[in-house]
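Undergrad: With the sequence up front, the predicted model follows.
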Amino acid sequence: MTPLECVLALLPASPTPERPFVLAVDGRSGSGKTGLAAAVAERVPGAQVLALEDAYRGWQGLREGVEEIATGVLAELRAGRAGTYRRYDWVRGELGGTVRVEPTAVVVLEGCGAGSLPCAPYVDALVWLDAPEHERHHRAMARDDGTWLDQWSTWAAQESALLAERDARAAADLVLDTSTE
């Protein structure tokens, strides 16, 4: 069974938008969360990807973004209602417009913090992606042209703080090794 097939096996046979199934894809920066979430959404008709990156409050705002998604979107979806959050404009360094998230049968929540304590009550299945730090660092810098090299340690400390509250790796329904070595 391929890693993607293992993830797809976590989904229910007949999910409904009335109570969306939330699949969280978590892992440290550069572990491959975005690619896996896109692959799941491509294979699951009607699934939508909710990227935590859009809600983070800049380089110091990991927790704030995660909390806004948990309370403003995930709690609302669990109740069968649309949720909203404010998108962060990474270029301008400020909050942008409000994003409305409609209930769909499957919501793939992806990003650092998807399995964190604020999101945990609303997650139906959690996938943790693992890769060595040096490989994750290389991937992240290559993906973003090294634009946040000076922020790596700051961001990693925020990831560690969330993991200290709830070890998402230990809580995961599935752990995938995404290293290429």
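TA: Looks like it arrived, so ask away.

Undergrad: in stretch 45-56, what counts as buried?
TA: For stretch 45-56, burial by neighbour count (16 or more other CB atoms under 10 Å) applies to 47-52, 54-56. For the C-beta atoms, the positions are set from N, CA and C on the backbone; glycine is no exception.

Undergrad: quick one: which of those residues is nearest to Gly80?
TA: Checking these against Gly80 by CB to CB gives Gln48 as the nearest, at 15.3 Å.

Undergrad: wait, that closest one sits on Val40?
TA: No: the pair formed by Gln48 and Val40 falls short of the contact definition of CB atoms under 8 Å, at 10.5 Å.

Undergrad: Now do the shared contacts for these two.
TA: Residues touching both Gln48 and Val40 (CB atoms under 8 Å, 6 or more residues apart in numbering) are Val108.

Undergrad: Could you give the average pLDDT over stretch 108-121?
TA: Average pLDDT, stretch 108-121: 97.

Undergrad: Give me the neighbour count for Leu95.
TA: If you count neighbours by other CB atoms under 10 Å, Leu95 ends up with 15.

Undergrad: Check Asp177 too.
TA: By the measure other CB under 10 Å, the count of residues near Asp177 is 12.

Undergrad: so what pLDDT did it get?
TA: pLDDT for Asp177: 90.

Undergrad: In this protein, what residue spans correspond to strands?
TA: With DSSP state E as the definition, the chain shows strands at residue ranges 21-27, 48-51, 83-89, 94-101, 106-110, 125-130, 174-177.

Undergrad: what would the ones you listed look like in JSON lines with distance to Ser160?
TA: JSON lines is the format used below for the strands of the chain (distance: least, CB to CB, whole Å):
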{"stretch": "strand 21-27", "distance to Ser160": "13"}
{"stretch": "strand 48-51", "distance to Ser160": "21"}
{"stretch": "strand 83-89", "distance to Ser160": "21"}
{"stretch": "strand 94-101", "distance to Ser160": "25"}
{"stretch": "strand 106-110", "distance to Ser160": "19"}
{"stretch": "strand 125-130", "distance to Ser160": "15"}
{"stretch": "strand 174-177", "distance to Ser160": "18"}
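
Undergrad: list the contacts for Leu36?
TA: Taking CB under 8 Å, 6+ apart, we find Leu36 in contact with 3-4, 7, 25, 110, 127, 129, 176.

Undergrad: OK, contacts around Thr178?
TA: Counting by CB under 8 Å, 6+ apart, Thr178 has contacts 27, 31-32, 129-131.
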